[in-house]
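> Please find the sequence and the predicted model below.
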Amino acid sequence: MRVFWFCIPAYGHTNPSIEVVRELVRRGHEVRYYSFDEFRAKIEDTGAAFVRCDEFLPPIDAASERRLHKVSTTEMSVRSFQTTALMDATVAADVERYSPDLVVSDSACFWGKLFCQKHHLPLVISTTTFAFNRYSAQYMKSSASELADMVFGLPRVNRELRKLRGLGFDVKSALDIVQNKEDDDTIVYTSRLFQPCADSFDSSHYRFVGPSLRAVEPREKTGTPLVYVSLGTVINDHPDFYRSCIEAVAGQDVELLISCGQSFDASALGELPANVTVEHAVDQLDVLSRASLFVTHCGMNSVSEGLYLGVPLLLFPLTGEQRAVARRAEEVGAGVPLDPRAAKDPAAMWEALAAALGDGGLLDGAARMRDNFCSCEGPAGAADFIESRLASARS
């Protein structure tokens, strides 16, 4: 089987796919993975063929970059449609040359979905967030600024769609590409227990395989508890939040590790107490295997990794999608919301940290989710599903 795999340039969307691709290659399938230089080593390590797409990203000015860092739906959509146009000729030539049997596209990768439609290829959606339909979408609570961005950005989005139609793409609206459809063959990297409104998704088309991770075992928590803080790889420029965490634990019997991201200037945080470490990047699974508490922005990938290792969560979501994940983590008893005052008030931050560290019920909730996630099919189940979709398409 020849598979074309498309993904956006984001760790939270790429990482869950890696072990599935490795499993497909192990089974003898040929995978061409369309991605970006930042992820080349990870992809090539699976045995897949890496196809570089950096040159297809449209030029970006300072204003657009700021909007992307604020996770502007309009900006992401416009750039995705522009990327589709720029990649069109290359992908068409590759389809002609390699004759793929099936396409796997990340749910947020518009160009993967659109190329599949244009070339009439079987499609499997790789969903690294929750699956969203009219029921589970109720978990998404967009802020006023997020709603305004979508409304006022429609003219820009529609201009790009008209250009794509001129290139032969049959796309009626952005919603037609964004939303999950009932009959989309879809892998979702969470469990049915954690997925909101899971019963509303047809099990013949949706496979909830659980987190797709490399094998990592939790370590025994002895000695000084480790509190791990990460706001992810995109919206992580929050110096006041980091300072509040640092000042909160100064002199306390805990260790604090902050992963602040590559673009944040860690020197702006000044001299650190002896029990605080700030890194631009860490091996998150390794850190979580020994952490007692995870203060998280509630990205789906981060929450999945934390719960897979049974780590209780202190929830600090920053976007609508993250608020949906935070709500579900709280509902299953594995996370508690961070008091908003704590973002700038070290006393409130310490109160929240101490309460979460001492909450036995929270630890039990995280342990239940660990057991649930560990019982899932994982990458092997995802590979089984992809193989079964090809068999269905051929029959």
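Right, received. Where do you want to start? Numbering: from 1, shown residues only.

> for the chain, what's the longest helix?
Under DSSP state H, the helix in the chain containing the largest number of residues is helix 73-98.

> Okay, buried residues for that one please.
73-85, 87-88, 91, 94-95 (16 or more other CB atoms under 10 Å). For the C-beta atoms, the positions are set from N, CA and C on the backbone; glycine is no exception.

> Could you give the separation of that helix from the chain centroid?
21 Å (CA atoms, centre = their mean, to the nearest Å).

> now for it, which elements pack on it?
The contact analysis (3 or more CB pairs under 8 Å, 6 or more residues apart in numbering; DSSP states H and E) places helix 73-98 against strand 2-6, strand 30-35, helix 62-69, helix 110-118, helix 144-152, helix 154-166.

> Parallel or antiparallel, which strands does the following helix or strand past it pair with?
Once helix 73-98 ends, the next helix or strand along the chain (criterion: DSSP states H and E) is strand 102-106. Taking DSSP bridges as the criterion, strand 102-106 forms sheet pairs with strand 2-6 (parallel), strand 123-127 (parallel).

> Just want the angle from strand 102-106 to helix 110-118.
Between strand 102-106 and helix 110-118, the angle comes out at 150 degrees (axes from the mean of the first three to the mean of the last three CA atoms, to 10 degrees).

> Out of the helices and strands packed on helix 73-98, which is closest to Leu363?
Minimum separation from Leu363 across the helices and strands packed on helix 73-98 (CB to CB) falls at helix 144-152, 33.3 Å.

> Tell me, please, where in the chain the pLDDT is lower than the cut-off.
Where the chain drops to pLDDT under 70, the residues are 63-71, 141-144, 146-147, 149-152, 234-236, 395.

> hmm, 90 instead?
By pLDDT under 90, the weakly predicted segments of the chain are 11-12, 58-78, 132-161, 170-183, 214-223, 232-239, 260-270, 280-281, 318-321, 389-395.

> which residue lies farthest from the center of it?
The centre of the chain is farthest from one residue, Gly251, which by CA atoms, centre = their mean lies 34.8 Å away.

> Now that residue. Nearest residue, chain neighbours left out?
Nearest non-adjacent residue to Gly251, counting by CB to CB, 6 or more residues apart in numbering: Pro273, 7.2 Å away.

> Quick one: the strands in the stretch 151-300 of the chain, in order.
186-188, 206-208, 226-230, 255-259, 276-279, 293-296 (DSSP state E, counting those that start in this stretch).

> Next up, the contacts around the residue lying closest to Ala343 once chain neighbours are set aside.
Spatial nearest neighbour of Ala343, chain neighbours left out: Phe241 (5.0 Å); criterion: CB to CB, 6+ apart. By CB atoms under 8 Å, 6 or more residues apart in numbering, the contact list for Phe241 reads Leu231, Phe316, Ala343, Lys344.

> Next: Phe110.
By CB under 8 Å, 6+ apart, the contact list for Phe110 reads Ser77, Ser80, Phe81, Thr83, Thr84, Ile177, Val178.

> Just want to check the distance between the last one and Phe56.
The span separating Val178 from Phe56 equals 20 Å under the rule CB to CB, to the nearest Å.

> Could you do the first one as well?
The gap separating Ser77 from Phe56 is 16 Å, by CB to CB.

> Also the third one?
From Phe81 over to Phe56 the distance is 12 Å, taken as CB to CB.

> Farthest pair within the contacts of Phe110?
Farthest apart among those by CB to CB are Thr83 and Val178. That separation is 15.3 Å.

> Gln252 against Trp350, yeah?
Yes - contact status for Gln252 versus Trp350: in contact at 6.8 Å, counting by CB atoms under 8 Å.

> Between the two, which has more neighbouring residues?
Using other CB atoms under 10 Å, the more surrounded residue of Gln252 and Trp350 is Trp350, with 20 against 16.

> any idea where the helices of the stretch 201-350 of the chain begin and end?
For the stretch 201-350 of the chain, applying DSSP state H, counting those that start in this stretch gives helices covering 239-249, 284-288, 300-308, 320-331, 346-357.

> Mind putting the ones you listed into a markdown table with distance to Ser203?
What follows is those, written out as a markdown table (distance: least, CB to CB, whole Å):
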| stretch | distance to Ser203 |
| --- | --- |
| helix 239-249 | 40 |
| helix 284-288 | 29 |
| helix 300-308 | 21 |
| helix 320-331 | 20 |
| helix 346-357 | 35 |
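
> Need the winner for burial among the ones you listed.
helix 300-308 (a mean of 26; mean count of other CB atoms under 10 Å).

> Could you tell me the angle between that helix and strand 226-230?
Counting by the same axes, to 10 degrees, helix 300-308 lies at 160 degrees to strand 226-230.

> which SS class is the residue lying closest to Ser212 once chain neighbours are set aside?
Among residues not flanking Ser212 along the chain, Pro16 sits closest, at 4.3 Å (CB to CB, 6+ apart). In three-state terms, and counting by DSSP: H, G, I helix; E, B strand; the rest coil, Pro16 is helix.

> Can you name the residues that contact Pro16?
Contact analysis of Pro16 by CB under 8 Å, 6+ apart lists Ser126, Thr128, Tyr189, Pro211, Ser212, Leu213, Asn301, Ser304.
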